[in-house]
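Student: Quick one: sequence and predicted model below, then my questions.
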Amino acid sequence: MRLEYFQMVDRVVSLIGDTIMVEARVPDASPVFEGHFPGYPLVPGVLLIETMAQASGWLIIGMQGFERMPFLMTVKEAKFRSFVGPGAPLEVTARLSHDGSGFAVTEARISSDGKRIADAELVLRTMPFPNDTIAASMRARAAEIGLPGSVAP
């Protein structure tokens, strides 16, 4: 997990049917923790939402064979159940519950050491990749994290 670069997913564990499971480890040190909070470092809730959105995005990209790029549009029913600090291992799952009309809906969840951390329903807009550069960058990142069916350009 590279918080400053918004690379929240370290590894795809599985993509089976309409569900993906990914892993991430919160870094031990990050400039994010200098302000959130001094002396009591916590991952901001918005970054946990982003982590679920990225897992959902990789699910959609994997299921659609890199045909469309997902963009987070709506966060519904988000709940934070516990705090996450430096070094925490995260398991993130996302399940596709709807795909059509240019939108996808996922149900996502984060756990750490078997403890539920956060969950949300996410709506993502799917569109053709804006350009070849971002498509190649996404393919390269997908290969780095082990997304099934991805091949680095």
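Tutor: Happy to help now that I have it.
Student: Next SSE downstream of the helix or strand hosting L124?
Tutor: Element membership for L124, per DSSP states H and E: strand 115-127. As assigned by DSSP H and E, the chain's next helix or strand after strand 115-127 is helix 132-145.
Student: Please export the alpha-carbon coordinates of the strand holding L124; CSV is fine.
Tutor: Taking C-alpha atoms only, strand 115-127 is exported to CSV below (Å, rounded to 0.1, in the frame of the first residue of the first chain):
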residue,chain,number,x,y,z
LYS,A,115,-12.1,-8.2,12.5
ARG,A,116,-14.6,-6.2,10.3
ILE,A,117,-13.2,-2.7,9.7
ALA,A,118,-15.5,-1.0,7.1
ASP,A,119,-18.1,-1.8,4.5
ALA,A,120,-20.0,0.2,1.8
GLU,A,121,-22.1,-0.1,-1.3
LEU,A,122,-20.2,1.7,-4.1
VAL,A,123,-21.5,2.9,-7.5
LEU,A,124,-18.9,3.2,-10.2
ARG,A,125,-19.3,4.7,-13.7
THR,A,126,-17.7,2.6,-16.4
MET,A,127,-16.4,4.3,-19.5
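Student: The residue nearest to R95 when sequence neighbours are not counted and S112: what is the separation?
Tutor: Spatially, and ignoring its direct neighbours in sequence, R95 is nearest to T19 (4.6 Å; CB to CB, 6 or more residues apart in numbering). (Each C-beta comes from the backbone N, C-alpha and C, glycine too.) To S112, T19 is 19 Å away according to CB to CB, to the nearest Å.
Student: ok, S97 touching V105?
Tutor: Yes - between S97 and V105 there is a contact under CB atoms under 8 Å: 5.0 Å.
Student: Distance-wise, check the closest residue to I134 other than its chain neighbours relative to V22.
Tutor: In space, and not counting its chain neighbours, I134 is closest to M69: 7.2 Å by CB to CB, 6+ apart. Note on M69: its distance to V22, by CB to CB, is 18 Å.
Student: Then A108?
Tutor: 10 Å.
Student: Have a look at those two and say which one is more surrounded.
Tutor: A count of neighbours by other CB atoms under 10 Å puts V22 above the other of A108 and V22, at 28 against 25.
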